[in-house]
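Novice: Curious how this folds, go ahead:
(one chain, ligands or ions: 2)
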Amino acid sequence: MTGKNGRRLPGLAVRCSVVLAVAGLASGCIGLKTPKLAVELPEEYNTPDGMTLDADNNIILCCPNFGNDKHPPKIVKITPDDKLVELFSVPLHPQTKKPGPLGIDIGSDGNLYVADNQGFGTEEYKSRLLRIVMKNGKAVKCEPVVVGFVMSNAVACHGDSVYVTETMLDPNVYPLLSGVYRFKISELQGERPIRLERHGKDKHLIARAYTWNKDQQVGANGLGFDKAGNMFFCNFGDAQLIKCTFNKNGGVVKQQIFAEGSGMLSCDGLKIHPETADIYVADFLGNAVHKIDHETGKVRTIAKNGNTDGTGGKLDRCSEVCIRGNRLYVANIDLTLGDNVHDAPHTISVIELDD
Ligand SMILES: [Ca+2]
Ligand SMILES: [Ca+2]
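Specialist: Ligands and ions are numbered 1, 2, ... in the order given. Have a look, this model is predicted:
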């Protein structure tokens, strides 16, 4: 998901329209695919974002419902035949009383791990990592396991650990510093949540990134692992995909900018194809989806359209993707920002992947 309260984004509409036009020419819009409507969401699920696939081929979707918070935040299931089944109503933050579930993944313990991002309303380190304890396919309990993020965002479970992007490690510094945390599931105790040390000093922080774009001080975002165990994460504001490789002890031995710009205006949610290892990125600012070659880092824009309400499956400020078979599902978070307004229909788009 993208982030940040609107105050740092004045003039976004004008800037984007210019850049969109240029980017469209530069990246080449020839061969763009046309997203179709996969699911039209009712008002109860009005703001879709984080997605992950479960073992039964259901997509698990977070709906923070920022667009109309009269409806509580929900986690729903999109079944293999694209039907909606409600899984869980996520409690509001006990202090802010605001919704926040964005990134979501399933741990090796079978439980759901969810970023509770409070960064839209406050920079006071209120964001959390939640665990939703599952039993026999039902959610039985929700407990905070890590507290003290500014903007917890994407969640990716890999091996015995849960990884979480922090979009902003310190609200008061330029360039913006952000990063990735790793927590072993065995150290996550619901009764005694981990309280993070501030300003990037916590021992769980394994990767850092700076965001230099003054107009988009929004940092680490989408997150995932390829089948070789390499970690990729997005730097939203600088439109970068960053790759980290590990040694056998789990230490990061190399961090590199794997792809940057090339038609991407922002890098938001990502998923990595389990077979081809190519990386798919949702571009909130560009209203586009890009495919990044896993060997060369070459960016190919596979879908992109102008400002819409999402009718018929057109992209409507997309923030996340999810791969199911040869179909790429796209969550249109549709935040009111720049030239976009949050509007019905609320949609999940789908793009057929044929190569
Ligand atoms: Ca819409
Ligand atoms: Ca819209």
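Novice: Now do the contacts for the closest residue to ligand 1 within the stretch 151-300 of the chain.
Specialist: Nearest residue of the stretch 151-300 of the chain to ligand 1, counting by C-beta to the ion: residue 287, 11.6 Å away. In this view, the C-beta of every residue, glycine as well, is placed from N, C-alpha and C. Listed by C-beta atoms under 8 Å, 6 or more residues apart in numbering, the contact set of residue 287 reads 20, 304-307, 315-318.
Novice: What subset of those is buried?
Specialist: 20, 304-305, 307, 315-318 (16 or more other C-beta atoms under 10 Å).
Novice: Between those, which sits nearest ligand 1?
Specialist: residue 316 (4.3 Å).
Novice: give me the element that closest one is part of.
Specialist: Under the assignment given by DSSP states H and E, residue 316 is not contained in any helix or strand.
Novice: got a pLDDT number for the residue of the stretch 101-250 of the chain found nearest ligand 2?
Specialist: Relative to ligand 2, the nearest point of the stretch 101-250 of the chain is residue 120 (17.2 Å; C-beta to the ion). At residue 120, the pLDDT value in this model is 90.
Novice: same question, the one 4 residues further on
Specialist: Predicted confidence (pLDDT) for residue 124: 94.
Novice: That one: neighbour count?
Specialist: Using other C-beta atoms under 10 Å, residue 124 has 12 other residues around it.
Novice: secondary structure class for it?
Specialist: Three-state assignment for residue 124 (DSSP: H, G, I helix; E, B strand; the rest coil): coil.
Novice: With residue 222 instead?
Specialist: From three-state DSSP, the assignment for residue 222 is strand.
Novice: Kindly report the same for residue 243.
Specialist: strand.
Novice: which residues touch it?
Specialist: Contacts of residue 243 (C-beta under 8 Å, 6+ apart): 230-232, 254-256, 258.
Novice: do that again at 6 Å, thanks
Specialist: By C-beta atoms under 6 Å, 6 or more residues apart in numbering, the contact list for residue 243 reads 230, 232, 256, 258.
Novice: top of the residues you listed by neighbour count?
Specialist: Neighbour-wise, the contacts of residue 243 (other C-beta under 10 Å) top out at residue 232, 24 neighbours.
Novice: Can you tell me who it pairs with across the strands?
Specialist: Beta bridges link residue 232 to residue 224, residue 243, judged by DSSP bridges.
Novice: Residue 133 too?
Specialist: The partner residues for residue 133, given DSSP bridges, come to residue 141.
Novice: Determine the number of other residues adjacent to it.
Specialist: 15.
Novice: hang on, isn't it packed against residue 141?
Specialist: Yes: assessed by C-beta atoms under 6 Å, residue 133 is found in contact with residue 141 at 4.2 Å.
Novice: Single out whichever of the contacts of residue 287 has the smallest pLDDT.
Specialist: residue 20 (38).
Novice: tell me which element the residue nearest to residue 350 when sequence neighbours are not counted is part of?
Specialist: Distances taken as C-beta to C-beta, 6 or more residues apart in numbering place residue 38 nearest to residue 350, at 3.7 Å, with adjacent residues excluded. In this assignment (DSSP H and E), residue 38 forms part of strand 36-41.
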